[in-house]
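1. here is the input, now give the coordinates:
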Amino acid sequence: MVLPKMARKYFEAGRKAIDSERPPEELHAFRLETKRFRYTLELFRPLYDAELDGYLKALRGLQGALGDVSDYQAIERVLASDRELKKQIEHGLKGKLKDLRQSWKAFDSEGQLKRWRTYLASDHSKPRAKGPTRAASKKVAHRVAS
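-> You can find the predicted model right below:
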């Protein structure tokens, strides 16, 4: 199954990227990975039930936190020559990184990967009638004959 495998790889990438010792480029790569994973799940939306919306919401939250960090990193690069502003941005970036780590910790809490994989592997298709059922057809035929 493709989606459960993607979920496993996504969680592994997140655990690696969120590690405090990683360079900013890895966070940016993980941000892109988050977008790809979310967009892929959205493509499969018609095949899943409404519960998928909760999973997508969690990914959007992470995507937002990663975007905040990315914005601060971009501003930091642009303002590299202004020491005072750079200090303020570095302080803000630390706060955004802390928020991101807390978001990831909640996202990757105990059993979440298993929950994701189980959900994505489950059959969420609903039986769809292609027309009236045999019983309904008999009722209609009976009414017409009466």
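2. for the chain, longest helix please?
-> Using DSSP state H, we find that the single longest helix of the chain is helix 52-78.
3. what's that one packed up against?
-> Where contact means 3 or more Cβ pairs under 8 Å, 6 or more residues apart in numbering; DSSP states H and E, helix 52-78 is packed against helix 24-43, helix 83-107, helix 112-121. C-beta here means a position set from N, CA and C on the backbone, and glycine is covered the same way.
4. turn those helices into TSV, including mean neighbour count, distance to residue 68 and mean pLDDT.
-> What follows is these, written out as TSV (neighbours: other Cβ atoms under 10 Å; distance: least, Cβ to Cβ, whole Å; pLDDT from 0 to 100):
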stretch	mean neighbour count	distance to residue 68	mean pLDDT
helix 24-43	16	10	94
helix 83-107	14	5	92
helix 112-121	16	22	96
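5. nearest to residue 3, of these?
-> Closest approach to residue 3 among these (Cβ to Cβ): helix 112-121, 4.0 Å.
6. ok and that closest one relative to helix 24-43, angle-wise?
-> Counting by axes from the mean of the first three to the mean of the last three Cα atoms, to 10 degrees, helix 112-121 points 30 degrees away from the direction of helix 24-43.
7. any idea how far helix 112-121 is from the middle of the chain?
-> With Cα atoms, centre = their mean, to the nearest Å as the basis, helix 112-121 stands 12 Å off its chain's centre.
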